[in-house]
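>>> Sharing a sequence plus its predicted fold:
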Amino acid sequence: MAIRYLKTHAALEGHLGAEEAEGLLAWLRSHPKGQVHLGRCESLHAALLQTLLALQPRIKAAPADVWLCQALGLTAPTPRSPT
């Protein structure tokens, strides 16, 4: 998938490659209060991770991947119990 740029946040969805890093960097620089939604992010290239670590935007939703949460310094979401 890709990144959807909305008014208040950038939604990273699916598997994201290095080619997305420059666009995210530009968007975050032009939206200093912009947030990043990682709730549907399955994996991302190290270039994107480095962009997030360097600019430290507010994370609107954490990714499901525990390693990625740890790399970003986030608390991993707890799995929901089946109802």
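That came in fine, so what should we check first? Numbers count the residues shown, from 1 in each chain.
>>> Show me the shaky parts of this structure.
1, 77-83 (pLDDT under 70).
>>> quick one, strands of this structure?
Under the criterion DSSP state E, the chain contains strands at 3-5, 9-16, 35-44, 58-61.
>>> As JSON lines, these with mean neighbour count would be great.
For glycine as for every other residue, the C-beta is placed from the backbone atoms N, C-alpha and C. Shown next, in JSON lines, are these (neighbours: other C-beta atoms under 10 Å):
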{"stretch": "strand 3-5", "mean neighbour count": "16"}
{"stretch": "strand 9-16", "mean neighbour count": "18"}
{"stretch": "strand 35-44", "mean neighbour count": "19"}
{"stretch": "strand 58-61", "mean neighbour count": "15"}
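>>> Pull the distance from stretch 26-45 to the chain's centre.
Distance, stretch centre to chain centre, for stretch 26-45: 5 Å (C-alpha atoms, centre = their mean, to the nearest Å).
>>> now for that stretch, what's the gap between its first and last residues?
17 Å (C-alpha to C-alpha, to the nearest Å).
>>> cool, and stretch 67-76?
End-to-end distance for stretch 67-76, by C-alpha to C-alpha: 8 Å.
>>> do stretch 40-53 as well
Stretch 40-53 has an end-to-end distance of 19 Å (C-alpha to C-alpha).
>>> circling back: got the strands of the chain as CSV, with distance to Leu52 columns?
Below are the strands of the chain laid out as CSV (distance: least, C-beta to C-beta, whole Å):
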stretch, distance to Leu52
strand 3-5, 12
strand 9-16, 9
strand 35-44, 7
strand 58-61, 8
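>>> Relative to Gly23, which of the ones you listed is closest?
With C-beta to C-beta, the closest approach to Gly23 among those belongs to strand 3-5: 6.5 Å.
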